[in-house]
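**Q** the following block contains a protein sequence and its predicted model.
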Amino acid sequence: MIYLSLVPKAFGHLSSLVGCSDAVSTWFLKNALLLNPEDRGDHLWHASAAGWHTESQTSAGVSVAGTVVHFAEAVKLLGVSKLDSALTFNQHVTNVVRACTYHTRTLRHIRPLLTIDTAKLIAASIVGARLDYCNSLLYGTSEGNLDRLQRVQNQLARVVLQAPWTASATDMRRQLHWLPVRQRIVFKLATVTYIRHGCLDCRCTYSAKFTITIRLELFTQLQQQPATISSAATAFCAAAPTVWNSLGVHTRSCDTFLTFKNRLKTELLKSCYS
């Protein structure tokens, strides 16, 4: 996987990308392998609003191993269904909603035969896992996408509790102890930020002085990186400090990762169900 940053007017100069692909192709040939860019190669062009005027130049594609590979409108990456050029995640959300709706309907057929605990376990493992997978990428996405995912979770809660369609979705999620979709995104970002700062296992392997230093750093707020474009504001370096600084000191100052998750979920539950 190759990432290349270019200014719009320099789009025609992709010598570094071509040179890298040629080197990979040469290595394949020396090891009795063959690189097939036509079947396996995907290229995605992403630009800010100011750089979309160069989009017409992407129709020519880029040369990879002697073959011109055209740019795609969306690509699949690390299990994320579709990454589009504008990073709206509209197609990804559509695919997630479709898959979750299918499994929710299947669960509805067998729900009368299951206990409440079994139904909750199946719902969390099959449907809930799909809602949570890579959901941190949805930070900053449109409210329409978040509302679509929230309706899926509400539908799942009604099936698990065998509640009528007129029942309050908020009351059902509170009864199941489920975080709404927006809070689940915040939960994922906060846990990744906690791990990223080395606070998971370092207390067991480093000196007490280093442990005290980390505890003091947890009380402080992270420095936020300025974002010049809207898409940059959703990057981890910008989103993580925003989410982390919004948490209470009681949550940030946990000694263990398990305690942090428990306090974090409690804080998020209070914020959305108070």
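**A** Structure's in. What do you need?
**Q** show me where pLDDT drops low in the stretch 1-150 of the chain?
**A** Along the stretch 1-150 of the chain, the model assigns pLDDT under 70 to residues 1-17, 36-82, 84-85.
**Q** what segments of it are helices?
**A** Taking DSSP state H, counting those that start in this stretch as the criterion, the stretch 1-150 of the chain contains helices spanning 15-30, 37-40, 90-110, 116-122, 129-132, 143-161.
**Q** ranking those by burial, who's on top?
**A** The densest packing among the helices of the stretch 1-150 of the chain, expressed as mean neighbour count by mean count of other Cβ atoms under 10 Å, is seen in helix 143-161 with a mean of 19. From N, CA and C alone the C-beta is placed, and that goes for glycine too.
**Q** list the contacts of it.
**A** By Cβ atoms under 8 Å, 6 or more residues apart in numbering, the residues outside helix 143-161 that reach it are 88-90, 93, 96-97, 100-101, 104, 107-108, 111, 116, 119-120, 123, 127-128, 131, 138, 163-165, 167, 169, 172-173, 175-176, 178, 180-182.
**Q** so after that helix, what's the next helix or strand?
**A** helix 169-176 (DSSP states H and E).
**Q** buried residues of that following helix, list them for me.
**A** In terms of neighbour count (16 or more other Cβ atoms under 10 Å), helix 169-176 has its buried residues at 169, 172, 173, 176.
**Q** next, the angle helix 143-161 makes with that helix.
**A** Here helix 169-176 points in a direction 60 degrees away from that of helix 143-161 (axes from the mean of the first three to the mean of the last three Cα atoms, to 10 degrees).
**Q** from here on, call the first residue 11.
**A** That works, and once the first residue is 11, the last one we named lands at helix 179-186.
**Q** now do helix 179-186: which elements does it pack against?
**A** When contacts are defined as 3 or more Cβ pairs under 8 Å, 6 or more residues apart in numbering; DSSP states H and E, helix 179-186 sits against helix 153-171, helix 267-283.
**Q** ok, which of these comes nearest residue 30?
**A** helix 153-171 (34.2 Å; Cβ to Cβ).
**Q** ok, how many other residues are close to residue 143?
**A** By the criterion of other Cβ atoms under 10 Å, residue 143 has 14 neighbours.
**Q** what does residue 178 give?
**A** Around residue 178 there are 11 residues (other Cβ under 10 Å).
**Q** phi, psi for it please.
**A** With angles defined as degrees, to the nearest 10, residue 178 shows backbone torsions of phi -70, psi 130.
**Q** per-residue confidence at it?
**A** Model confidence at residue 178, given as pLDDT, is 94.
**Q** residue 140 touches residue 112, doesn't it?
**A** No: between residue 140 and residue 112 there is no contact under Cβ atoms under 8 Å: 10.2 Å.
**Q** between the buried residues of helix 179-186, which sits nearest residue 278?
**A** Distances from those to residue 278 were compared by Cβ to Cβ; the smallest belongs to residue 183, at 11.9 Å.
**Q** skip the chain neighbours and tell me the closest residue to that closest one.
**A** In this structure, residue 183 finds its nearest non-sequential neighbour in residue 167, 5.6 Å apart by Cβ to Cβ, 6 or more residues apart in numbering.
**Q** distance of the one you found relative to residue 180?
**A** Relative to residue 180, residue 167 is positioned 10 Å away (Cβ to Cβ, to the nearest Å).
**Q** cool, and residue 97?
**A** Per Cβ to Cβ, residue 97 is found 30 Å from residue 180.
**Q** residue 163 too?
**A** Plainly put, residue 163 is 11 Å away from residue 180 if you go by Cβ to Cβ.
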